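> Using only what follows, build the 3D model:
(one chain, ligands or ions: 1)
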Amino acid sequence: MRLSVIGCGYLGAVHAAAMASIGHEVVGIDVDPAKIEALSKGEAPFFEPGLQEILIEGISSGRLSFTTDVSAAAGAAVHFIGVGTPQEAGGYAADLTYVNAAIDALLPHLSDGDVVAGKSTVPVGTAAELAPRVTAAGATLVWNPEFLREGWAVQDTIDPDRLVAGVPAGAEGERATEILREVYHPAVAKGTPFIVTDYATAELVKVSANAFLATKISFINAMAEIAEVTGADVTQLADAIGHDARIGRRFLGAGIGFGGGCLPKDIRAFAARAEELGRGESVSFLREVDAINLRRRDRAVQLVIDALGGSVVDKNVTVLGAAFKPFSDDVRDSPALDVAVRLYGLGAKVVVTDPQAIENARRVHPQLDYITDRDEAIRDADAIVLVTEWDEYRRELAPELASALTSGRVVVDGRNGLDAAAWRAAGWSYYGMGRP
Ligand code: NAD
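Modelled structure (predicted):
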């Protein structure tokens, strides 16, 4: 099938390349010429495992192309909308400027029977509001939320754990559903659950999934706060409650909390939308989820201050990680980078290292020192602070090696990812999150 993908960021670039890899002819469209230039050369403009390979494969097969010219969408049967929906300036709601602009730009190039499939995460009610404009152009709007995880985005796009489509009622919706089934044919053929529903449910599936995940993380971080005043160990607590199949151990890692381009802004937008709907109280707990999450960054900073004797002024602090999570170079609302910036603001001499995210981090926080080589970054550190659980830090950094690089003996484990006993045995003062 011929497909267009409008917006080629973390979601759209992967979607375009993944759709080409399953046999479609795809044009990716973005307003950012630098991004389009890189993608056209087969260069992934951000780090995402496996993306580079499918980009090159798609471009050399002739099935995948990129352009800034939205008229290239003409002739595609399905047009995916994957533009950003960031938090609005000065508020919590989602900023729908880019979605509206993308739809407006696309309208003149639609043909009768085209399907416009929204993938961006939007407040409930958005699709119903946009639909008349799309219908007037002879096309059908569906909302097809995206659940990919950065770091696993290629796999999640080609082989998702479920597909969700919000479609209009009646024959028009049925036809659009059939077209989407054809788009996602490999996943459909292997029996991937495909939930066909109305617009509002599809939009809510996405934001409620993120709200649930954020709540699970903040729940365990709240337990970490209690553990900290009682001498309990939140990692053991998580193991123990995680054995209950109804609870499950995943997403129960206490630490400096969640960040990135999705969870924080999505729970805020959900709360803001619920307020608009007169149901603010139904999700008022999300404010608490957000507050607990942000408090964990304070806690990590306080641990470093305490560990260094009450002040970080002029202390060499090495921050391991800048990305909001491993296997990504995304630093949007990164708790890791936030901790680094706060320590810098308190007078520490901060060195940040990360296997992938230094370039992005430097762009937003040029005031910090960045060193790519992990061991160079650790040299002469008074304290090491682990904030992104890359294997390079969590598994591959032996305390003995760190001991050879610096005489500092303080390690703050913002992700509870290190072997506390091994670090202590090597003479280090180890501080975890919610652990004695
Ligand atoms: P992003 O900022 O990486 O990408 C958005 C892209 O849209 C940018 O490249 C931007 O230049 C482009 N754009 C903006 N206006 C445009 C227009 N009028 N025409 C064409 N292109 C335009 O954002 P992202 O992380 O890819 O997220 C996009 C959407 O997908 C958001 O709603 C997000 O919540 C959702 N989402 C993201 C993920 C994720 O893991 N990143 C997962 C699921 C859902």
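> Write out the residues of the chain neighbouring the ligand.
Neighbours of the ligand within the chain, by C-beta under 6 Å from any ligand atom: 6-12, 29-32, 35, 82-85, 98, 101-102, 105, 120-121, 146, 148, 150, 261-262. (Each C-beta comes from the backbone N, C-alpha and C, glycine too.)
> Can you classify Val319 as helix, strand or coil?
strand (DSSP: H, G, I helix; E, B strand; the rest coil).
> What's the separation between it and Pro335?
Applying C-beta to C-beta, to the nearest Å, the value for Val319 to Pro335 is 11 Å.
> So between those two, which is more surrounded?
Taking neighbours as other C-beta atoms under 10 Å, Val319 and Pro335 compare with Val319 leading, 33 against 26.
> neighbours around the nearest residue to that one once chain neighbours are set aside, how many?
Among residues not flanking Val319 along the chain, Ala340 sits closest, at 4.2 Å (C-beta to C-beta, 6 or more residues apart in numbering). A count of neighbours around Ala340, defined by other C-beta under 10 Å, yields 30.
> about what we covered before: please enumerate the shared neighbours of Val319 and Pro335.
Counting by C-beta atoms under 8 Å, 6 or more residues apart in numbering, the common neighbours of Val319 and Pro335 are Val387.
> circling back: name only those of the residues of the chain next to the ligand that count as buried.
Among the residues of the chain next to the ligand, those buried by neighbour count (16 or more other C-beta atoms under 10 Å) are 6-12, 29-31, 35, 82-85, 98, 102, 120-121, 146, 148, 150, 261-262.
> So which of those residues sit within helices?
Tyr10, Leu11, Gly12, Lys35, Tyr98, Ala102 (DSSP state H).
> And Ala240, how far from Gly257?
Taking C-beta to C-beta, one finds Ala240 at 21 Å from Gly257.
> Pick out whichever of the two has more residues nearby.
Gly257 (29 against 11).
> The more buried one and Arg394, how far apart?
Taking C-beta to C-beta, one finds Gly257 at 17 Å from Arg394.
> Return the backbone torsion pair for the residue of the chain found nearest the ligand.
Distances between the chain and the ligand by C-beta to the nearest ligand atom are smallest at Gly9, namely 1.7 Å. The phi/psi pair for Gly9 (degrees, to the nearest 10) reads phi -90, psi -150.
> Could you give the number of residues near Gly62?
9.
> Quick check: buried residues in the longest helix along the chain?
Across the chain, the helix with the greatest residue count (assigned by DSSP H) is helix 199-230. The neighbour-count check on helix 199-230 (16+ other C-beta under 10 Å) flags 199, 202-207, 209-211, 213-225, 227-228 as buried.
> got a list of contacts for the helix or strand where Leu106 lies?
Per DSSP states H and E: Leu106 is located in helix 97-106. Outside helix 97-106, the residues that touch it by C-beta under 8 Å, 6+ apart are 6-7, 70, 73, 79, 81, 83-85, 116, 118, 120, 122, 126, 130, 133-134.
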